[in-house]
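>>> compute the structure for the input listed below.
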Amino acid sequence: MGTQVVMFEEEQLQIQAICDRLQRDSNSIAILVINKDGQEIARAGNTEHLDVTSLSSLFAGNVAATGGIAKLLAEKEFSGQFHEGEKTNIHLSLVAQRAILVVLFDTRSSLGLVRLRVKKASEELAKVFDALVKKMASGNVAPVLGEISDDDIDNLFND
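The predicted model follows:
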């Protein structure tokens, strides 16, 4: 398990805005930002028909497996992946070693456009994650999504 990213409302809104803009500017179907453990951080676009929970876990596993391949080939990492399907294409990229940016797109877009837009969005997301890490390190702000366990949530609803 990797380190859990604690999200703050301000950064969550910034990440959402970056995802919304990336989805629009890349003319993609959907955008997902997930952590390396496969937990969703944000989404944009047409995601209603997607099993985002399962996809997030599988994308995280894909990135982890690719990281293993990189090590075996004496590469630091493969920063991006592209999967071409009949109807849907997938572009995966690591952001600041902390998150996975997934772009689902079809013939209304192109790999070149997606790569161009992902580069800018990744830089913006990296700045948000860096600010988040600094904020967490300062320890003077209470997180919105903090250290709440499933048991804590269950206890709230059980009298």
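
>>> same question for stretch 42-62, mean pLDDT?
Averaged across stretch 42-62, pLDDT comes to 95.

>>> the residue nearest the centre of the chain in helix, strand or coil?
For the chain, V33 is the residue whose C-alpha lies nearest the centre (C-alpha atoms, centre = their mean; 1.9 Å). Put simply, V33 is strand when judged by DSSP: H, G, I helix; E, B strand; the rest coil.

>>> I'd like the distance between it and Q81.
The span separating V33 from Q81 equals 15 Å under the rule C-beta to C-beta, to the nearest Å. All C-beta atoms are positioned from the backbone trio N, CA, C, and that covers glycine.

>>> I41 now?
For I41, the distance to Q81 - C-beta to C-beta - is 18 Å.

>>> more neighbours, those two?
Neighbours were counted for I41 and for Q81 using other C-beta atoms under 10 Å; I41 has more, 24 against 16.

>>> surely that one meets I31?
No. In this structure I41 lies outside contact range of I31 using C-beta atoms under 8 Å: 10.8 Å.

>>> the helices in this protein, which residues?
Secondary structure of the chain, counting by DSSP state H: helices at 9-25, 52-72, 111-138, 150-157.

>>> give me the low-pLDDT residue ranges for the chain?
Low-confidence segments of the chain, defined by pLDDT under 70: 1-7, 139-159.
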